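Provided below are the primary sequence and the corresponding predicted coordinates.
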Amino acid sequence: MNRRLAKSLTLAALATGAALCVLAVTVAPARLLVHLDNDYLRISVTPRLNFLAGRTLERLKDGASVAFVGQLTIVPDPNSLVTAARSVARFALSYDIWEQKFAVTKMGERPDSRHSKSNLSSAEATENWCLENLTIERSLIPSDRPFYVQLDLRAEDPRDQAGIVGESGISISGVVDLFRNPVKSGQKPLRVTNGPLRLADLRKAGHG
């Protein structure tokens, strides 16, 4: 084998290896991390869900308002229609084109669950804030049996807003119906599940 051929084969092997590495990173499944923080179950996702990207991010930076609807549920098994606990929220996002900062307002089931955060420096920080503020009270978590934690997230279609937003907060039934219905054109549904888990294990450490 001459040197030129050997070099060509080496470069081809390196290129193939690099392509496989890129593919591995691209298709790596999201993992839902679950932990207890005092009286609340909280979540994070790795690698990041990156739901604030692409056309959605472009619209936001063009001055349009964007909203996401999320629900966090505790279920006996994946895709179960029976829930032991549920938390729902609507996240309304905006972008200051002069300061180049993000802002988000969370609306929950009750008026006192409304929270806002501004001056977020990046899309990733904004995504993290949304996930960190979708929680379930520890008292609602089953203590005598295993369970799964499931995150659902979907960009809000303006046509769905009337059925989701009410006078005191967002409608649980409206959110449940939203996630049971097929996705509409342009929507990208996101679902991540972790389990089976036990409450005693969550007290010790976060689970991924």
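Arrived safely.

For the protein, give me the ranges with low pLDDT.
Counting by pLDDT under 70, the chain shows low-confidence ranges at 1-28, 159-163, 166-168, 182-189, 204-208.

How about residues contacting stretch 91-98?
52, 60-61, 63, 65-70, 101-107, 126, 130 (C-beta atoms under 8 Å, 6 or more residues apart in numbering). From N, CA and C alone the C-beta is placed, and that goes for glycine too.

if we go to 6 Å?
60-61, 65-68, 102-106, 130 (C-beta atoms under 6 Å, 6 or more residues apart in numbering).

Going by residue numbers, what spans are strands in this protein?
Using DSSP state E, the strands of the chain run over 31-37, 40-46, 66-75, 85-96, 101-107, 115-120, 136-137, 147-155, 190-197.

Write the ChimeraX selection for whichever of the contacts of stretch 91-98 are buried.
Buried subset of these, written as a ChimeraX selection, criterion 16 or more other C-beta atoms under 10 Å:
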select :60,66,67,68,102,103,104,106,130
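
Redo the contacts of stretch 91-98 as TSV? Include distance to residue 146.
Output for those, formatted as TSV (distance: C-beta to C-beta, whole Å):
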residue	distance to residue 146
60	39
61	43
65	40
66	36
67	34
68	29
102	37
103	39
104	33
105	35
106	29
130	27
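
biggest separation within the contacts of stretch 91-98, which pair?
Farthest pair in the contacts of stretch 91-98 (C-beta to C-beta) is 61 and 106. Separation: 20.9 Å.

tell me how far the ends of stretch 135-145 are from each other?
End-to-end distance for stretch 135-145, by C-alpha to C-alpha, to the nearest Å: 20 Å.

what's the answer for stretch 110-118, then?
21 Å.

and stretch 93-108, how far out from the chain's middle?
From the chain centre to the centre of stretch 93-108 is a distance of 17 Å (C-alpha atoms, centre = their mean, to the nearest Å).

same thing with stretch 77-87?
Put simply, stretch 77-87 sits 17 Å off its chain's centre (C-alpha atoms, centre = their mean).

who touches it?
72-75, 134, 136, 140, 142, 148, 193.

Let's have those residues in a markdown table, adding distance to residue 118 and neighbour count.
A markdown table is the format used below for the contacts of stretch 77-87 (distance: C-beta to C-beta, whole Å; neighbours: other C-beta atoms under 10 Å):
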| residue | distance to residue 118 | neighbour count |
| --- | --- | --- |
| 72 | 24 | 23 |
| 73 | 29 | 22 |
| 74 | 31 | 22 |
| 75 | 34 | 19 |
| 134 | 19 | 20 |
| 136 | 26 | 20 |
| 140 | 30 | 13 |
| 142 | 37 | 14 |
| 148 | 34 | 20 |
| 193 | 32 | 17 |
